[in-house]
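**Student:** coordinates only, no sequence provided:
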């Protein structure tokens with residue numbers, strides 16, 4: 001167990017070092033959000049100050065429909081990063097998640113790298129996080145309960161990451177009984193379950209199955225942002241099969257705008273994430289059908305570079321841009337923007353929407 005926990009902690013550190021480097025953010029080359037244009041309304045009869053961004057989520061009234069996506073924890077170096085993220089979330093009033101808590105389940109010495117988030121973010125939702133492979137089998141429910149208790153979480157995110165596990169040198173690739181296990185956790189856990197991807201998106205058919213077993217919140221986490229395929233590939237030796245495959249599958253998945261539209265008719269709470277790099281991107285997520293937007297890398301980088309003040313500045317910048325975009329469409333709330341379809345789609349995104357027979 002000690003050997004395995006050290007290996008997990010080391011993997012967390014490797015993820016951290018690779019994720020902050022160059023070449024793993026797909027949005028740096030092409031943003032799928034550039035194929036969504038919000039409709040401008042120049043004849044306005046109010047002020048941006050009257051745009052109400054408040055969002056009721058997990059029993060909290062938040063100042064904006066934004067989520068700092070779970071990204072790290074499990075190595076002592078990550079504690080300061082999570083502390084910075086949590087302080088900013090608390091100050092600005094947005095939801096926050098932690099990275100996979102697998103390391104905390106096997107090594108009690110790193111629990112504080114996760115629990116620091118609840119200590120600093122006392123008045124906003126805090127979201128626990130486990131991969132699907134860790135809620136499978138006889139220990140699955142116990143793992144879920146421990147993850148929630150570890151950080152006094154308001155919800156548990158179960159992340160679906162088959163591509164990452166396949167490419168990870170030490171990945172778990174048996175996903176037998178995944179849907180049944182999610183159902184069982186929902187039935188037994190005292191907090192809501194969020195099902196999310198990690199960068200490959202969720203389709204209508206999958207979301208429909210999840211809804212049938214009781215999932216009410218889905219974070220689409222589509223392709224177009226940080227590529228976990230590339231991150232895991234860089235952990236494999238040069239010339240190896242997995243490293244070569246990681247390049248082939250770098251942009252695998254459903255682009256975030258398409259993923260949002262895929263499930264927008266299912267009456268779920270939808271978080272749009274995957275390549276969100278601005279408040280304009282966040283507003284586009286909402287226009288396409290999401291209730292909120294989430295991002296990880298922009299806040300992660302600011303936490304490393306400038307601490308909580310840097311993260312807070314990034315959050316306030318996104319909120320300013322989101323408010324401006326919503327206002328310029330003639331909307332006064334995110335709900336108004338979402339329900340009035342004030343956008344245009346261009347190719348290649350438009351062709352994908354048409355191919356999937358998504359009717360607006």
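**Tutor:** Alright, I've got the coordinates. It should be emphasised that the depicted structure is a prediction, and the values quoted were computed from it without experimental measurement.
**Student:** run through the strands of the stretch 51-200 of the chain in chain order.
**Tutor:** 55-57, 60-62, 66-68, 95-97, 126-131, 155-160, 193-197 (DSSP state E, counting those that start in this stretch).
**Student:** mind putting those in JSON lines, mean neighbour count and distance to residue 318 included?
**Tutor:** (Each C-beta comes from the backbone N, C-alpha and C, glycine too.) Formatted as JSON lines, the strands of the stretch 51-200 of the chain follow (neighbours: other CB atoms under 10 Å; distance: least, CB to CB, whole Å):
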{"stretch": "strand 55-57", "mean neighbour count": "18", "distance to residue 318": "14"}
{"stretch": "strand 60-62", "mean neighbour count": "16", "distance to residue 318": "13"}
{"stretch": "strand 66-68", "mean neighbour count": "29", "distance to residue 318": "7"}
{"stretch": "strand 95-97", "mean neighbour count": "27", "distance to residue 318": "13"}
{"stretch": "strand 126-131", "mean neighbour count": "27", "distance to residue 318": "18"}
{"stretch": "strand 155-160", "mean neighbour count": "24", "distance to residue 318": "20"}
{"stretch": "strand 193-197", "mean neighbour count": "25", "distance to residue 318": "19"}
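**Student:** between these, which one is nearest to residue 295?
**Tutor:** Residue 295 sits nearest to strand 66-68 of all the strands of the stretch 51-200 of the chain, at 7.4 Å, using CB to CB.
**Student:** which residues touch the closest one?
**Tutor:** Strand 66-68 is contacted from outside by 85, 88-89, 94-97, 127, 219, 271, 273, 282, 292-296, 299, 311, 315, 318-319, 322, using CB atoms under 8 Å, 6 or more residues apart in numbering.
**Student:** returning to what we had before: of all the strands of the stretch 51-200 of the chain, which one is nearest residue 105?
**Tutor:** Per CB to CB, nearest to residue 105 of the strands of the stretch 51-200 of the chain: strand 126-131, 8.1 Å.
**Student:** packing partners of the closest one?
**Tutor:** Using 3 or more CB pairs under 8 Å, 6 or more residues apart in numbering; DSSP states H and E, the elements in contact with strand 126-131 are strand 95-97, helix 140-151, strand 155-160.
**Student:** and the angle from the last one to helix 140-151?
**Tutor:** It refers to strand 155-160. Counting by axes from the mean of the first three to the mean of the last three CA atoms, to 10 degrees, strand 155-160 lies at 130 degrees to helix 140-151.
**Student:** residue contacts, the residue nearest the centre of the chain?
**Tutor:** By CA atoms, centre = their mean, the chain has its centre lying nearest to residue 69, at 4.4 Å. By CB under 8 Å, 6+ apart, the contact list for residue 69 reads 97, 219, 221, 273, 294, 295, 296.
**Student:** after the longest helix seen in the chain comes which helix or strand?
**Tutor:** Across the chain, the longest stretch assigned as helix under DSSP state H is helix 297-328. Using DSSP states H and E, the helix or strand that directly follows helix 297-328 along the chain is helix 334-340.
**Student:** what's in contact with that following helix?
**Tutor:** Helix 334-340 has contacts (CB under 8 Å, 6+ apart) with 53, 55, 65, 283, 286-287, 289-292, 326, 329, 331.
**Student:** next secondary structure after the worst-scoring helix or strand of the chain on mean pLDDT?
**Tutor:** Lowest by mean pLDDT, DSSP states H and E among the helices and strands of the chain is helix 2-19, with a mean of 61. Going down the chain from helix 2-19, the next helix or strand is strand 36-38, by DSSP H and E.
**Student:** which of the residues in that next one are buried?
**Tutor:** Within strand 36-38, the residues scored as buried using 16 or more other CB atoms under 10 Å are 36, 38.
**Student:** listing partners with orientation, what would you give for it?
**Tutor:** Here strand 36-38 has these sheet partners by DSSP bridges: strand 343-345 (antiparallel).
**Student:** tell me the mean pLDDT for the partner strand?
**Tutor:** Across strand 343-345, the average pLDDT comes to 97.
**Student:** so what touches that strand?
**Tutor:** Outside strand 343-345, the residues within contact range by CB under 8 Å, 6+ apart are 35, 36, 37, 38, 39, 284, 287, 288, 353.
**Student:** helices or strands up against the next helix or strand after that strand?
**Tutor:** From strand 343-345 onward toward the C-terminus, using DSSP H and E, the following helix or strand is helix 349-355. Here helix 349-355 touches helix 256-263, going by 3+ CB pairs under 8 Å, 6+ apart.
**Student:** just give me how far the helix it packs on sits from the chain centre.
**Tutor:** On the basis of CA atoms, centre = their mean, to the nearest Å, helix 256-263 is displaced by 14 Å from the centre of the chain it belongs to.
**Student:** cool, and stretch 286-299?
**Tutor:** With CA atoms, centre = their mean as the basis, stretch 286-299 stands 8 Å off its chain's centre.
**Student:** what do you get for stretch 133-141?
**Tutor:** On the basis of CA atoms, centre = their mean, stretch 133-141 sits 22 Å off its chain's mean C-alpha point.
**Student:** same check, this time on stretch 310-326
**Tutor:** 17 Å.
**Student:** what are the buried residues along it?
**Tutor:** For stretch 310-326, the neighbour count (16+ other CB under 10 Å) marks 310-312, 314-316, 318-319, 321-323, 325-326 as buried.
**Student:** now tabulate these in TSV and tack on distance to residue 200 and pLDDT.
**Tutor:** Listed next are those as TSV, based on distance: CB to CB, whole Å; pLDDT from 0 to 100:
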residue	distance to residue 200	pLDDT
310	29	97
311	26	97
312	30	98
314	25	98
315	26	98
316	30	98
318	24	98
319	28	98
321	26	98
322	25	98
323	30	98
325	27	98
326	28	98
